[in-house]
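Enquirer: sharing a model prediction with you, sequence too.
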Amino acid sequence: MEQALQQLRQDAEARVAAARDAAALRQVEIEYLGRGDGKLTVLLAGLPGLPLEQRKSAGQLANEVKAAIITRLNERRATFGQAESDLDVTQPGIAPQVGHRHLVTQAIDEITAIFERIGFQRSRHSEVDWEHYAFAALNMPADHPARDEWETFFVDAEPHSKLGRRVLTPHTSNGQVREMEQRRLPIRMVNIGKCYRRQIDVSHVPMFYQFEGLVVDEGITMAHLVGTLDYFAKAFFGPDRKIRIRPYHFQFTEPSIEIDINCAVCGGRGQLADGKICRLCKQGWLELGGAGMVHPNVLKAGKVDPKKYSGFAFGWGVERCFLMKSGLQIPDIRMLYENDLRFLQQF
Ligand code: FA5
């Protein structure tokens, strides 16, 4: 018994010395001195079976061992307490690094707020969709050459018997017929989502965002469309920037237009201060998006009567709009997605 007690004392003292904090000390205390199944308690349960003399001396030694372990525990605890009281609690803490939302997310929030002010509702439609919504319902039947312009990624999955293949949406216009199917008229939506195309250069990325506006009601005209786009451009870019509208062709709008802005990087000159050509716009204007009056066939695909209702739609690039904010001087769209903190932290 005496030998076992000495061994227990040695073990406990070694554990106390190795403890790294107050919690570890508490653990040692429970393990060795705990009332129920502490190692010392368990050992002393054998005392009554010993002859009287041995019982007396073993009992005395047990008391000494217990006292020694408690002393060691207290000494060690005091050293932790000392270290803790060395802390100057009045010193300012180390502030955690706080990030911010990505520039494109900030632009999406700003665009949403601008349209909400004039009664548009933010919608969300599929970013992986059927060919039907991305093309066929938009007046582009299978094998129509206009489909080639979108440089689409097709998903390697079983096609749908009626809706065709699955695609990574090449534009947010798939939301037009989906919105008409899901909502009651009148419609005033802005669908902002990811688009995918096999393109990459100074003004194109393979994954980008578009915001798609769709208004369907009685008596909607081109004047409503131009007024809405003008309102947005002034709100987002400021009153002193120039927007130009060009005639264009889309299968799903008639008439169709494209909208450009005077380039924020070269000031609309097409040339930088050093005389070199502006790589982003090349000629002073940068295209922001397309628009037009919703084609009657698209209204029909969305089960809307084109004799009673008319509508306008537009689809603009979010990243392009962000690049064109006055004063930012971001010369390459790809910089937005390089995730270089030295760039992102400047905003
Ligand atoms: C369209 O995608 C049409 N769906 C727009 C539309 C909607 C017309 C509704 C009429 C009615 P377009 O392919 O031109 O059109 O793309 C529109 C805009 O998306 C471009 O002007 C540009 O701002 C942006 N965009 C297109 N491709 C990329 C790309 N690879 N990277 C970044 N932005 C892009």
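Expert: Good, I have the coordinates.

Enquirer: contacts and neighbour counts: CA atoms only from here.
Expert: Fine.

Enquirer: okay, and the beta partners of the residue of the stretch 101-250 of the chain at minimum distance from the ligand?
Expert: Relative to the ligand, the nearest point of the stretch 101-250 of the chain is His204 (3.4 Å; C-alpha to the nearest ligand atom). Residues in a beta bridge with His204, per DSSP bridges, are Asp201.

Enquirer: hmm, it is touching Ile333, no?
Expert: Yes - counting by C-alpha atoms under 8 Å, His204 touches Ile333, with 6.6 Å between them.

Enquirer: overlap in contacts of the two?
Expert: Residues touching both His204 and Ile333 (C-alpha atoms under 8 Å, 6 or more residues apart in numbering): none.

Enquirer: so which elements touch the helix or strand bottoming out on mean pLDDT in the chain?
Expert: Ranking every helix and strand in the chain by mean pLDDT, DSSP states H and E puts helix 52-85 at the bottom, with a mean of 84. Helices and strands touching helix 52-85, by 3 or more C-alpha pairs under 8 Å, 6 or more residues apart in numbering; DSSP states H and E, are helix 2-18, helix 22-33, helix 39-44.

Enquirer: same thing but 7 Å
Expert: helix 2-18, helix 22-33 (3 or more C-alpha pairs under 7 Å, 6 or more residues apart in numbering; DSSP states H and E).

Enquirer: list the buried residues of the shortest one.
Expert: Think helix 22-33. Ala22, Leu25, Val28, Glu29, Glu31, Tyr32, Leu33 (16 or more other C-alpha atoms under 10 Å).

Enquirer: please enumerate residues in contact with it?
Expert: The contact list for helix 22-33, computed with C-alpha atoms under 7 Å, 6 or more residues apart in numbering, reads Ala12, Arg15, Val16, Ala19, Gly38, Lys39, Leu40, Thr41, Leu73, Arg77, Phe80.

Enquirer: report pLDDT for the closest residue to the second one other than its chain neighbours.
Expert: When you say that, I think you mean Arg15. Using C-alpha to C-alpha, 6 or more residues apart in numbering and skipping residues adjacent in sequence, the residue nearest Arg15 is Val28, 6.8 Å away. On the pLDDT scale, Val28 is placed at 91.

Enquirer: what's the spacing between Val28 and Ser326?
Expert: Per C-alpha to C-alpha, to the nearest Å, Val28 is found 66 Å from Ser326.

Enquirer: in the least confident helix or strand of the chain, what's buried?
Expert: Going by 16+ other C-alpha under 10 Å, helix 52-85 has these buried residues: 55, 58-59, 61-62, 65-66, 69-70, 72-73, 76-77.

Enquirer: closest to the ligand out of those?
Expert: When these are compared against the ligand (criterion: C-alpha to the nearest ligand atom), the nearest one is Arg77, at 63.2 Å.

Enquirer: name the nearest residue to that closest one, ignoring sequence neighbours.
Expert: Ala22 (6.3 Å).

Enquirer: now Met140
Expert: Gln251 (6.5 Å).

Enquirer: count of residues packed around that neighbour?
Expert: Burial of Gln251 is recorded as 18 neighbouring residues (other C-alpha atoms under 10 Å).

Enquirer: repeat that for Arg15.
Expert: Arg15, neighbours per other C-alpha under 10 Å, totals 17.

Enquirer: give me the pLDDT for it.
Expert: pLDDT, read off for Arg15, is 91.

Enquirer: now swap in Leu87 and tell me
Expert: 69.

Enquirer: near the ligand, which residues of the chain are found?
Expert: 171, 173, 197, 199, 204-206, 208, 210, 253, 287-292, 313-317, 320 (C-alpha under 6 Å from any ligand atom).

Enquirer: what do you get if the cut-off is 5 Å, keeping everything else the same?
Expert: Within the chain, the positions lying close to the ligand (C-alpha under 5 Å from any ligand atom) are 171, 204-205, 287-291, 313-317.

Enquirer: what's the most distant pair in the residues you listed?
Expert: By the measure C-alpha to C-alpha, Val205 and Ala313 form the most distant pair in these, at 23.2 Å.

Enquirer: between those two, which is the more surrounded one?
Expert: The neighbour count for Val205 versus Ala313, taken as other C-alpha under 10 Å, is higher for Ala313 (24 against 19).

Enquirer: tell me if I'm right that that one and Gly289 touch.
Expert: No - with contacts counted by C-alpha atoms under 7 Å, Ala313 stays clear of Gly289, the gap being 10.9 Å.

Enquirer: who's in contact with stretch 239-252?
Expert: 138-140, 256-262, 294-295, 298.

Enquirer: now, those that are in strands?
Expert: Ser256, Ile257, Glu258, Ile259, Asp260, Ile261, Asn262, Val294 (DSSP state E).

Enquirer: so which strand or helix has Asn191?
Expert: Using DSSP states H and E, Asn191 maps to strand 187-196.

Enquirer: helices of the stretch 101-250 of the chain, start to end?
Expert: For the stretch 101-250 of the chain, the helices defined by DSSP state H, counting those that start in this stretch cover 103-116, 131-134, 174-182, 222-237.
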